[in-house]
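Chemist: Predicted model and sequence below, questions to follow.
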Amino acid sequence: MSRYFTDQTKIDTTKYYFDENAADLAVRYIEKNIRHVKGDLAGELIKLEDWQKDKIIKPIFGWKDIDTELRKYSSAYIEIPKKSGKSFLAACMAALFLDIEKEGGSEVVGVAWGKKQASLVFEATKSVINKSPRLSKKCTIYRNSITAPDHLGGKKTYQTLSKEAGAEDGLNPQLGIIDELHIHKNGEVLEMVEKSMGARKQPLSFVITTAGSDMYGIGFQRHEYAIDVVKGTIKDENILVCIYAAPQDSDPFSEETWKDANPNYGVSVYKKSYEREALKARQSSASLNSFKRYYLNIWTQSTDGWINDFDWVNSSKSDIVDYRFLERYPCYAGLDLSSRSDITAFTLIWKIDDRFYSLNWFWLPEDKGSMSADTKNIRYRDWVKSGHITETSGNVVDYSWILHKIGELHQQFDIKCVAYDNWNSHHIAPFLVDMGLEVTEFRQGFKSMTAPTKELHKEITDNNFEHYGNPVLRWMAGNAEILTDPADSVKIIKDKNRPEKKVDGIITNVMAMGLWLDEPDTFGSYLEEGNLLII
């Protein structure tokens, strides 16, 4: 399934009713007052497409609470591809709220991460106002704001807000237009605006975006939340969802895929435009990822990512671990202690009947997890709650927790050897030796990392790597990037500009895979840089 819409046939009509007059008024207002500002139709009145009316405009203004007669929806999540009239649709909403929305002193806030992005809908709204005889008489346009009189003798305002420009105090918006949420690095600006709407009787948070490349940012979190609401796994009666996208596994170069992805195909974007962009996409993976995101509305990894998320997900066949099955076979381990204030990762890998099985454990200082969860929108709290990350008290990792767990695993499983990175883990190796474990230093250079990195990639893309759907490991796989030298040697790296995007668990899987490649007796091929400790 690639399209997700709020199912209006399932709305509880004992609590809500559909106000046909209000729904039709909103559509009629737009079509009688808003004119095209660009292209061949510039100056002509807009004619809303059926999907815009039926999936967005009418539901927002038509569905109301029976008891209060206020609008049902306080938020809308709209995700559509590029060239679907996204900014223009948002400008129509801004104009409608500035003109006929009956809320004293109503404020419209255009929200984006950067000032340039925030100005796009604002400039589109200015153009809409200038083209409309009614709006141009009522509205006053300033450099950074728009004002209009309200029905009580006061005034309404429209201003923009971005992270670059800094936060605004005293906001009380009736409408928040959140543009291109996928670009937002965290939820700071979005959450500030949404929380400031509390004093309004019927506010609307109007998120309108295309797909992005940060699979664990605030944009993808809202994307996943919206889909869960449509599926019914999350109950939220206050959000309206409208998502158009091509299927993840569809042919990106097929015209049928283009039609499926873009509801305005043949209206505001045409076959030639898609053919031109598709030609670029055939030339490089970076262009292909951009084409998928912007024109097919498919969420992707970063353009230089190590593994495709679709391949990663498909490699796993089960999310239930059969411990008794794994206990019967030998395994190899990888340990990355990182720094004491960051994530520590430990991996066990089995090779059974030519299929690889991976179990992973992660530790994080309690203080670090709380800070990161607040500022970076990484789902540490959820992962701690689900047991995928173990918190240790304080602001540094307590290594005794790690040693205790490894000791338990050593009793449970047949661990043949533990690979460790000497950079941070050299001091813990003697304790592992005391447990009766065999350990080996595994350095992080091209010589050691190339073969296991390529092998791990191959096993994943061949759907031959069982990771049991571990969400932390999936996040790290999405963060991993590849560095290649002139000899075609490779190693996993992380984005230096985004230190919160961790890859520790992928590194430990590469290390454990490296031991399997050198199994059973010697570590002398590409691990010559390290030193094997025999117990």
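Modeler: Nice, I can see it.
Chemist: For the residue nearest the centre of the chain, what is the enclosing helix or strand?
Modeler: Closest residue to the average C-alpha location of the chain: residue 220 at 2.3 Å, with CA atoms, centre = their mean. In this assignment (DSSP states H and E), residue 220 forms part of helix 218-231.
Chemist: before we move on, the earlier item: just list the residues touching the residue nearest to the centre of the chain, thanks.
Modeler: Applying CB atoms under 8 Å, 6 or more residues apart in numbering, we find residue 220 in contact with 182, 212, 214, 299. Where you see a C-beta, it was placed from the backbone N, CA and C, and this is true even at glycine.
Chemist: what ranges of the chain fall below the confidence cut-off?
Modeler: 1, 164-170, 284-286, 301-305, 338-341, 367-378, 424-426, 485-486, 495-498, 519-535 (pLDDT under 70).
Chemist: so what are the domain limits for it?
Modeler: Structurally, the chain divides into domains by automatic domain parsing as follows: 72-243, 312-533.
Chemist: gap between the closest residue to residue 306 other than its chain neighbours and residue 5?
Modeler: Nearest non-adjacent residue to residue 306, counting by CB to CB, 6 or more residues apart in numbering: residue 480, 4.1 Å away. Using CB to CB, to the nearest Å, one obtains 34 Å as the distance from residue 480 to residue 5.
Chemist: Neighbour count: these two, which is higher?
Modeler: More crowded of residue 480 and residue 5, by other CB atoms under 10 Å: residue 480, with 24 against 16.
Chemist: just to revisit the earlier point, pipe the domains of the chain into JSON lines and attach distance to residue 47 per row.
Modeler: Below are these laid out as JSON lines (distance: least, CB to CB, whole Å):
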{"stretch": "domain 72-243", "distance to residue 47": "11"}
{"stretch": "domain 312-533", "distance to residue 47": "39"}
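Chemist: Those: which one's closest to residue 306?
Modeler: Proximity to residue 306 (CB to CB) singles out domain 312-533 among those, at 4.1 Å.
Chemist: roughly how far out does that closest one sit from the chain middle?
Modeler: Relative to its parent chain, domain 312-533 has a centroid offset of 23 Å by CA atoms, centre = their mean, to the nearest Å.
Chemist: Stretch 19-27 too?
Modeler: Relative to the centre of its chain, stretch 19-27 is centred 34 Å away, using CA atoms, centre = their mean.
Chemist: next one: stretch 189-202
Modeler: Averaged C-alpha coordinates place stretch 189-202 at 22 Å from its chain's average position (CA atoms, centre = their mean).
Chemist: and it, which residues are buried?
Modeler: Under the neighbour-count criterion of 16 or more other CB atoms under 10 Å, stretch 189-202 has 189-190, 192-194, 196-197, 200, 202 buried.
Chemist: repeat for stretch 354-367
Modeler: Residues of stretch 354-367 classed as buried by neighbour count (16+ other CB under 10 Å): 356-366.
Chemist: again with stretch 43-62
Modeler: Residues of stretch 43-62 classed as buried by neighbour count (16+ other CB under 10 Å): 46, 48-49, 51-62.
Chemist: swap in stretch 282-295?
Modeler: Of the residues in stretch 282-295, 287-295 count as buried by neighbour count, 16+ other CB under 10 Å.
Chemist: send the alpha carbons of that stretch over as CSV?
Modeler: C-alpha atoms of stretch 282-295 as CSV (Å, rounded to 0.1, in the frame of the first residue of the first chain):
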residue,chain,number,x,y,z
ARG,A,282,19.4,6.5,-14.3
GLN,A,283,22.8,8.0,-14.1
SER,A,284,23.6,7.8,-10.4
SER,A,285,22.3,6.5,-7.1
ALA,A,286,22.2,10.0,-5.6
SER,A,287,19.9,11.2,-8.4
LEU,A,288,17.8,8.1,-8.1
ASN,A,289,17.3,8.7,-4.4
SER,A,290,16.3,12.3,-5.1
PHE,A,291,13.9,11.2,-7.8
LYS,A,292,12.3,8.7,-5.5
ARG,A,293,11.9,11.3,-2.7
TYR,A,294,10.7,14.3,-4.6
TYR,A,295,8.8,12.8,-7.5
